[in-house]
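Student: need coordinates for the below:
(one chain, ligands or ions: 3)
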Amino acid sequence: MPLLAPTRPVTPVHSLSLLLPNCWAYHSIKFAQFPFLLPRPSNCMLGFTAVLRRQQFLIRALGGSGEKVRSRGSAAGIKVMARGNFEADAEKVLRRITPALDPTRHKGQAGKIAVIGGCREYTGAPYFAAISALKIGADLSHVFCTRDAATVIKSYSPELIVHPILEESYSVRDEDEGFISSKTVAEVAKWIERFDCLVIGPGLGRDPFLLDCVGEILKLARRSNIPVVIDGDGLFLVTNNLDLVSGYALTVLTPNVNEYKRLVQKVLDSDVNDQDAPEQLLALAKSIGGITILRKGKSDLISDGRTVNAVSTFGSPRRCGGQGDILSGSVAVFSSWARQTTAEVDATFSTSNPMVLGCIAASALLRKAASVAFESNKRSTLTTDIIEHLGRSLEDISPAC
Ligand SMILES: NC(=O)C1=CN([C@@H]2O[C@H](COP(=O)(O)OP(=O)(O)OC[C@H]3O[C@@H](n4cnc5c(N)ncnc54)[C@H](OP(=O)(O)O)[C@@H]3O)[C@@H](O)[C@H]2O)[C@@H](O)CC1
Ligand SMILES: Nc1ncnc2c1ncn2[C@@H]1O[C@H](COP(=O)(O)OP(=O)(O)OP(=O)(O)O)[C@@H](O)[C@H]1O
Ligand SMILES: [Mg+2]
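Tutor: Residues are numbered from 1 along each chain as shown. Ligands and ions are numbered 1, 2, ... in the order given. All right, here's what the predicted structure looks like:
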């Protein structure tokens, strides 16, 4: 059965949660809008078996035991936690992590983001990611790209700080590669400590020399403890060099359908299984050492190897290119805010992984903005239209004052 092809209409109130003690104060596993996890009158027994099988899988995957599941029980005696509508939770996450516009704060405190991407072919993707970060409320947004892409990206917006430092093979002689690579990494090193998060990959391209340099930048980010969101061609790099991120908890991967397929094949040596999508994602994130993965699709699924969350609010039926780039820039901002929030504001909130919270918030906001943009633009909705609605959509959920 396809992941989200319910045989009957469902509202998003179906939610299955297991609460397990672990090193976060607790972990909730929620499957919003996975109606196939719930028993149906027509295939009741099969439904129960599937629920039990999946619960047991998750409990095993988390190293817990069946007794630890807290339950209100269900009519059928199956341990199902009914924790309400997930979509409401996503808005709550957005409200909790979005910082107040405090006049005592100085420039930079609402977020400094850098996008590593942009080459001869792709200048739109890094622009979309970087400008989305600003439109949501980050203070500064940098782009590190190739020389060819830099002038183009600058011309899109004077708001972005653009560094033309990356080089592709065609512009570098073989004997200069070592020197150029060190120079490139040194340029990024001058800045890296100032950034709250790097977005690596939108519009990066697949030039082998350039990807090698970006691998070194990723190692530098990891040594410096800077969070990273890996998207687009950054995922191509990481899928072929898993050690770059394995076990680095401040990593978020945001694969689309193709990128996810490659990742699953490489890491789990299997095909994508839409029937057991949450379990497979959980296993994948766990196999890469507990990094966070946001699997994009009709329903966005998010896991850090301990929890699985879904964001399923309807966005827009338009699938124009660039929406994933908005998402990666947004995850960078929201996860940075979530890290600040957990440290400064709410002790009980620190029980949740800020990278996961950032993904939930970004996914919910993008979907809302896409839906509003589609309302007025219909079939001609473009990524730039969605970006224009990010601010208003966030304002509706979390007013600035
Ligand atoms: N306006 C812009 O600037 C936008 C730019 N964008 C940027 O585009 C880049 C690719 O992202 P995408 O989303 O097209 O990748 P995806 O769905 O995996 O591939 C689709 C098919 O294409 C192929 N393929 C891709 N790249 C290839 C390459 N370099 N060389 C050869 N083949 C390549 C791929 O083949 P495969 O890898 O499966 O062999 C698959 O069949 C990425 O940097 C993204 O950020 C987007 O964000 C949109 C807006
Ligand atoms: N079938 C779908 N229905 C509704 N929303 C979707 C669907 N597929 C993707 N999305 C949403 O669109 C956003 C972008 O996902 P998509 O899969 O298009 O990324 P992408 O291919 O990386 O995009 P980009 O063109 O920027 O590279 C995600 O937030 C996702 O939730
Ligand atoms: Mg993409």
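Student: grab the nearest non-local neighbour of residue 154.
Tutor: residue 162 (4.8 Å; Cβ to Cβ, 6 or more residues apart in numbering). C-beta coordinates here come from the backbone N, C-alpha and C atoms, glycine included.
Student: ramachandran angles for that neighbour?
Tutor: phi -110, psi 130 (degrees, to the nearest 10).
Student: and for the one 5 residues further on?
Tutor: Its backbone dihedrals place residue 167 at phi -130, psi 140, with angles given as degrees, to the nearest 10.
Student: identify the residues contacting it.
Tutor: Each residue near residue 167 by Cβ atoms under 8 Å, 6 or more residues apart in numbering is listed here: 146, 147, 180, 184, 209, 210, 213.
Student: again, 7 Å this time
Tutor: Listed by Cβ atoms under 7 Å, 6 or more residues apart in numbering, the contact set of residue 167 reads 146, 180, 184, 210.
Student: retrieve the pLDDT associated with the residue nearest to residue 154.
Tutor: Reading off the confidence values, residue 162 has pLDDT 98.
Student: likewise for residue 292?
Tutor: At residue 292, pLDDT is 98.
Student: same thing with residue 352?
Tutor: 78.
Student: on that earlier part again, out of the contacts of residue 167, which one sits closest to residue 233?
Tutor: residue 210 (9.0 Å; Cβ to Cβ).
Student: quick check: the closest one vs ligand 1, distance?
Tutor: Look at residue 210 and ligand 1: by Cβ to the nearest ligand atom, to the nearest Å, they are 11 Å apart.
Student: so that residue is in contact with residue 171, correct?
Tutor: No - counting by Cβ atoms under 7 Å, residue 210 stays clear of residue 171, with 9.9 Å between them.
Student: which one of the two is surrounded by more residues?
Tutor: Just comparing residue 210 and residue 171: by other Cβ atoms under 10 Å the higher neighbour count belongs to residue 210, 23 against 16.
Student: which ones are touching that one?
Tutor: Contacts were defined as Cβ under 7 Å, 6+ apart; by that measure residue 210 touches 119, 166, 167, 168, 204.
Student: do the same with residue 195
Tutor: 112, 113, 114, 226.
Student: ends of stretch 229-241, what's the gap?
Tutor: 16 Å (Cα to Cα, to the nearest Å).
Student: partners of the helix or strand where residue 302 lies, with directions?
Tutor: Taking DSSP states H and E as the definition, one finds residue 302 inside strand 300-303. Partner strands and pairing direction for strand 300-303 (DSSP bridges) are strand 292-295 (antiparallel), strand 308-311 (antiparallel).
Student: and it, how far from the chain's centre?
Tutor: With Cα atoms, centre = their mean, to the nearest Å as the basis, strand 300-303 stands 8 Å off its chain's centre.
Student: what comes into contact with it?
Tutor: Here strand 300-303 makes contact (Cβ under 7 Å, 6+ apart) with 277-278, 281-282, 285, 292-295, 308-311, 356, 359-360, 363.
Student: so does it get close to ligand 2?
Tutor: Yes - Strand 300-303 reaches ligand 2 (Cβ under 6 Å from any ligand atom) through residue 300.
Student: what mean pLDDT does that strand have?
Tutor: On average, strand 300-303 scores 95.
Student: please shift the residue numbers so they start at 574 in all later answers.
Tutor: New numbering, starting at 574: the last item is strand 873-876.
Student: gap between the most far-flung residue of the chain relative to its centre and residue 950?
Tutor: Ranking residues of the chain by C-alpha distance from their mean position (Cα atoms, centre = their mean) puts residue 748 at the top, at 38.3 Å. Distance from residue 748 to residue 950, counting by Cβ to Cβ, to the nearest Å: 52 Å.
Student: please apply the same query to residue 670.
Tutor: Using Cβ to Cβ, residue 670 is found at 29 Å from residue 950.
Student: which one's more surrounded, these two?
Tutor: It is residue 670, of residue 670 and residue 950, that has more neighbours when counted by other Cβ under 10 Å, with 27 against 16.
Student: show me what contacts residue 732?
Tutor: Residue 732 neighbours (Cβ under 7 Å, 6+ apart): 704, 707.
Student: in stretch 862-879, which residues are buried?
Tutor: By neighbour count on 16 or more other Cβ atoms under 10 Å, the buried set for stretch 862-879 is 863-869, 872-879.
Student: what's the most distant pair in the residues you listed?
Tutor: That would be 863 and 872, which, of these, are the farthest apart (Cβ to Cβ) at 22.3 Å.
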